[in-house]
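**Student:** coords please:
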Amino acid sequence: MTSVDHDPAHPADRPLLDEIERYYDAVPRGAARAEDFGPLTLFVREGAGWPYYARPTLGHDGPAATVEDVRRVLDRQRELGAPEAFEWVAEQNPELRAAVEAAGLWVHEHPLLVLAPQDEPPAPPALPERLAVRVLAADAPELAAAIAVPHVAFGAPGTGVGAAGAAEVADTVEKLTADGTPERIARRITDGTTVLATALEDGAPLCSGQHNPVGPVTEVAGVGTLPVARRRGLGLAVTAALVAHARANGVRTVFLSAADEDVARIYRRAGFRPFATALIAEPAPDAPNAQA
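**Tutor:** Next up is the predicted model:
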């Protein structure tokens with residue numbers, strides 16, 4: 001991807017940006033060890049679960065990361081068999097993009113949107129009687145299927161209606177159960193580190209998403225609707241339920257990153273406003289094993 005310059009955050013947004021930066025640093029630490037590479041920190045997953053990434057070191061006040069720093073992290077990721085991945089906020093560390101691109105990685109952009117303490121979300125959309133949105137307990141019988149729904153959704157990117165539905169959810173539940181994913185999510189729900197909401201029709205999850213609070217900040221993540229159930233307002237309804245839960249439990253700032261501008265427009269309807277740009281760097285799609 002061609003490099004694009006990002007202006008520093010507006011001074012009025014700086015406290016929010018710093019708050020989100022602290023959140024991004026804190027979240028992996030509950031399930032990963034942090035390896036110090038000076039201006040960069042590599043988070044290494046300990047145990048089963050989604051692998052982590054490298055990102056700018058919180059509070060680093062020395063020289064910015066260079067291509068040599070990025071290559072050292074890449075060497076370590078390859079040694080560990082971990083994904084070659086970096087994540088950061090463009091407006092917080094604008095100089096990092098040039099270094100990771102010089103190291104041979106491909107950078108893609110995702111709109112970062114926020115619902116700040118002073119922002120009031122709109123009322124949730126009305127749903128037909130057969131539909132209900134619920135925040136699930138750790139022992140909810142629908143939990144495994146609700147976890148599976150976004151996996152199916154993200155396998156068919158975009159917002160258009162498609163064919164994937166109940167059969168694909170059943171197949172995905174089987175795969176996720178085999179690797180212990182529902183048990184891990186249930187433990188996080190019990191611990192209060194994950195909140196999962198789902199939209200159900202006749203008891204079957206059609207759309208699910210999470211928020212993952214750390215103190216006064218949370219990120220809404222993984223909101224996905226089954227392709228057969230798209231264009232019914234379910235993503236908005238689940239997002240509204242997650243925001244309501246977060247606000248009712250003392251969270252001040254709710255944010256998320258959208259896959260693209262089309263998805264970002266949906267979240268604007270839920271009261272979120274564009275705030276910054278999340279960047280993800282990884283090997284180019286046509287060269288997944290490219291060497292730096």
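**Student:** Show me which residues of stretch 25-42 are buried.
**Tutor:** In terms of neighbour count (16 or more other C-beta atoms under 10 Å), stretch 25-42 has its buried residues at 25, 27-28, 31-32, 34, 37, 39-42. In this view, the C-beta of every residue, glycine as well, is placed from N, C-alpha and C.
**Student:** and residue 75, what element?
**Tutor:** Per DSSP states H and E: residue 75 is located in helix 67-80.
**Student:** List the buried residues in that helix.
**Tutor:** By neighbour count on 16+ other C-beta under 10 Å, the buried set for helix 67-80 is 69-74, 77.
**Student:** and the residues you listed as TSV, adding pLDDT and distance to residue 17?
**Tutor:** As requested, the buried residues of helix 67-80 are exported to TSV (pLDDT from 0 to 100; distance: C-beta to C-beta, whole Å):
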residue	pLDDT	distance to residue 17
69	98	22
70	98	22
71	98	28
72	98	27
73	98	23
74	98	27
77	98	27
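**Student:** follow-up on the earlier one: any idea which of the buried residues of stretch 25-42 is closest to residue 255?
**Tutor:** Distance to residue 255 across these (C-beta to C-beta) is lowest for residue 27, with 12.0 Å.
**Student:** Can you give me the separation between that closest one and residue 212?
**Tutor:** Note on residue 27: its distance to residue 212, by C-beta to C-beta, to the nearest Å, is 7 Å.
**Student:** Overlap in contacts, these two.
**Tutor:** Residues touching both residue 27 and residue 212 (C-beta atoms under 8 Å, 6 or more residues apart in numbering) are residue 219.
**Student:** Tell me how far the helix holding residue 75 lies from the chain's centre.
**Tutor:** Chain-centre distance of helix 67-80: 23 Å, with C-alpha atoms, centre = their mean, to the nearest Å.
**Student:** how about the strands in the chain?
**Tutor:** Ranges of strands in the chain, per DSSP state E, are 32-37, 40-45, 54-56, 86-89, 105-115, 131-135, 195-201, 204-214, 217-225, 253-257, 273-283.
**Student:** Please convert the ones you listed to JSON lines, extending it with mean pLDDT and distance to residue 186.
**Tutor:** Compiled in JSON lines, those are given as follows (pLDDT from 0 to 100; distance: least, C-beta to C-beta, whole Å):
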{"stretch": "strand 32-37", "mean pLDDT": "98", "distance to residue 186": "20"}
{"stretch": "strand 40-45", "mean pLDDT": "97", "distance to residue 186": "19"}
{"stretch": "strand 54-56", "mean pLDDT": "98", "distance to residue 186": "28"}
{"stretch": "strand 86-89", "mean pLDDT": "98", "distance to residue 186": "26"}
{"stretch": "strand 105-115", "mean pLDDT": "96", "distance to residue 186": "27"}
{"stretch": "strand 131-135", "mean pLDDT": "96", "distance to residue 186": "14"}
{"stretch": "strand 195-201", "mean pLDDT": "98", "distance to residue 186": "9"}
{"stretch": "strand 204-214", "mean pLDDT": "97", "distance to residue 186": "13"}
{"stretch": "strand 217-225", "mean pLDDT": "96", "distance to residue 186": "16"}
{"stretch": "strand 253-257", "mean pLDDT": "96", "distance to residue 186": "23"}
{"stretch": "strand 273-283", "mean pLDDT": "96", "distance to residue 186": "28"}
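**Student:** so can I have a markdown table of those strands showing distance to residue 64?
**Tutor:** A markdown table is the format used below for the strands of the chain (distance: least, C-beta to C-beta, whole Å):
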| stretch | distance to residue 64 |
| --- | --- |
| strand 32-37 | 13 |
| strand 40-45 | 10 |
| strand 54-56 | 9 |
| strand 86-89 | 12 |
| strand 105-115 | 16 |
| strand 131-135 | 41 |
| strand 195-201 | 36 |
| strand 204-214 | 26 |
| strand 217-225 | 25 |
| strand 253-257 | 23 |
| strand 273-283 | 15 |
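**Student:** one step back: out of the buried residues of helix 67-80, who's nearest residue 284?
**Tutor:** Closest approach to residue 284 among those (C-beta to C-beta): residue 74, at 13.6 Å.
**Student:** Distance check, that closest one against residue 104.
**Tutor:** Per C-beta to C-beta, residue 74 is found 8 Å from residue 104.
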